[in-house]
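Sequence plus predicted model, see below.
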Amino acid sequence: MAEVLVVVEASASAGVKKVTLEMLTFARTLGTPSAVVLGEAGDITAKLAEFGAEKIYVAAGEDIDGYLVSPKATVLAALVQQVQPAAVLLGSTQEGKEIAGRLAVKLDNGLLTDAVAIDADGTATQAIFAGSALVKSKVTRGLPIVTIRPNSTTPSPAPAAGTVEQLTVSVSDADKLTKVVERVAEKKGSRPELTEASIVVSGGRGVASADNFKLVEELADLLGGAVGASRAAVDSGFYPHQFQVGQTGKTVSPQLYLALGISGAIQHRAGMQTSKTIVAVNKDPEAPIFELADYGVVGDLFKVVPQAADEIRKR
Ligand code: FAD
């Protein structure tokens, strides 16, 4: 079976991201998964092998880490030409999409983004119109280069050899036009990463102030969850943008999603509607979030949330 290249999303601090394991799971329906690590990512080879990577290509060094995505796309294009894979899968993340776009141009190839599933023949199911419709598409020029939306499937382990192969990095000056000047590590709290958390507690405009978000954080901490926010809450300065859930924010798919003071606009739903259980607290019984919620509390969040927190503390 032909190789399927999966471009690894990982960081030295957080290890392999869930989307990588999802891509390795999808890749098994297309051929034999090979992971491609572009940059320093710590000791992740065992995890990649556990989820089906027969081979693990590693391209590291200053020419990769010292610049933005251009060298990564160049190294990946050379690898594609060398191994002639059945497909290339990347995460539908900011970096994944940028590498995918550059790779498609370099190979004069078609590209599909935001896929939520992929069939054995490379047909991708894409979420469109903020996730309100699905469309099936196929690359008709070249091999399938497809970006996969995080939280599209449940990763399943399938132990494989995980043979590591170091790639020779050969990039030109044209790849070095944008240099990394400084890296500032995000302050890592004790909460789980938003897109990987099994419980997410999100606050919306109804939370009413940055200070009141302490209530959302407190409930998240009691449940061992991550904190999310609607765009209205982010735009109002209540919570930082990296925690925004939705079409222009992060996509989450936890076991439990709590929406506090969030109306349930389509753009918000796009980022959370595949959550397993959705609980909404909203004082407006007509709020659209109740159409989606498995459990709803019509009430003032400033009364409901402290009561819920007290109950959880007693258990
Ligand atoms: P509102 O719609 O104002 O709702 C606030 C809710 O809080 C109301 O239902 C109200 O009844 C309730 N409430 C108020 N006070 C209380 C209280 N004390 N107790 C209980 N309930 C209370 N939005 C996103 O979230 N994520 C995105 O990624 C995103 N991307 C977008 C992209 C585009 C191109 C566009 C056009 C919009 C996007 N939006 C996004 C914005 C989206 O359309 C909505 O405006 C936004 O989701 C509304 O946020 P909200 O529900 O917090 O606020």
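Received it, and whenever you're ready, just let me know what you need. Numbering: from 1, shown residues only.

residue contacts, the residue nearest to G122 when sequence neighbours are not counted?
Excluding its sequence neighbours, the residue lying closest to G122 (CB to CB, 6 or more residues apart in numbering) is P144, at 3.8 Å. The way it works is simple: take the backbone N, C-alpha and C, and place the C-beta from them, glycine included. Listed by CB atoms under 8 Å, 6 or more residues apart in numbering, the contact set of P144 reads L30, A86, A87, V88, G110, L112, I118, G122, A124, K138.

Mark which of the residues you listed are buried, thanks.
Neighbour counting with 16 or more other CB atoms under 10 Å marks L30, A86, A87, V88, G110, L112, I118, G122, A124 as buried within the contacts of P144.

Which pLDDT value goes with the closest residue to the fifth one other than its chain neighbours?
Once its chain neighbours are removed from consideration, G110 has its nearest residue in V139; the separation is 3.6 Å (CB to CB, 6+ apart). Taken from the predicted model, the pLDDT recorded for V139 is 97.

Check the gap between V139 and E22 for me.
As defined by CB to CB, to the nearest Å, V139 lies at a distance of 20 Å from E22.

quick one, which of the two is more surrounded?
Legend: neighbour count by other CB atoms under 10 Å for V139 and E22, higher for E22 (25 against 18).

how near is the closest residue to T25 other than its chain neighbours to the ligand?
Closest residue to T25 apart from its sequence neighbours, by CB to CB, 6+ apart: P155 at 4.9 Å. Relative to the ligand, P155 is positioned 24 Å away (CB to the nearest ligand atom, to the nearest Å).

How about V305?
The span separating V305 from the ligand equals 9 Å under the rule CB to the nearest ligand atom.

Pull the contacting residues for that residue.
Residues near V305 by CB under 8 Å, 6+ apart: L215, V216, L219, L260, V281.

did I read that right, D63 in a helix?
Yes - inclusion of D63 in a helix is indicated when DSSP: H, G, I helix; E, B strand; the rest coil is applied.

how deep is it tucked in, by neighbour count?
Other residues near D63 come to 17 when the count uses other CB under 10 Å.

Same question for A127.
For A127, the tally of surrounding residues (other CB under 10 Å) stands at 22.

thinking it is in contact with D114, fair?
Yes - A127 is within contact range of D114, at 5.7 Å (criterion: CB atoms under 8 Å).

shared neighbours, the two?
Residues touching both A127 and D114 comprise R149, with contact defined as CB under 8 Å, 6+ apart.

one step back: give me the subset of the contacts of V305 touching the ligand.
Among the contacts of V305, the ones lying near the ligand by CB under 6 Å from any ligand atom are V281.

From the contacts of V305, which land in helices?
Those of the contacts of V305 mapping onto helices are L215, V216, L219, per DSSP state H.

ok, now how distant is the last one from the ligand?
If I follow you right, that is L219. 13 Å.

For that residue, give me its contacts.
Taking CB under 8 Å, 6+ apart as the definition of contact, the neighbours of L219 are V201, G225, L258, L260, V305, A308, A309, I312.

what's the span of stretch 294-303, first residue to last?
End-to-end distance for stretch 294-303: 21 Å, by CA to CA, to the nearest Å.

Distance from that stretch to the middle of the chain?
Chain-centre distance of stretch 294-303: 29 Å, with CA atoms, centre = their mean, to the nearest Å.

For beta bridges, what are the partners of the closest residue to L167 other than its chain neighbours?
Counting by CB to CB, 6+ apart, L167 lies nearest to A59, which is 4.2 Å off, once chain neighbours are set aside. Beta-bridge partners of A59, counted by DSSP bridges, are L38.

A59 and Y67: what is the separation?
For A59, the distance to Y67 (CB to CB) stands at 12 Å.
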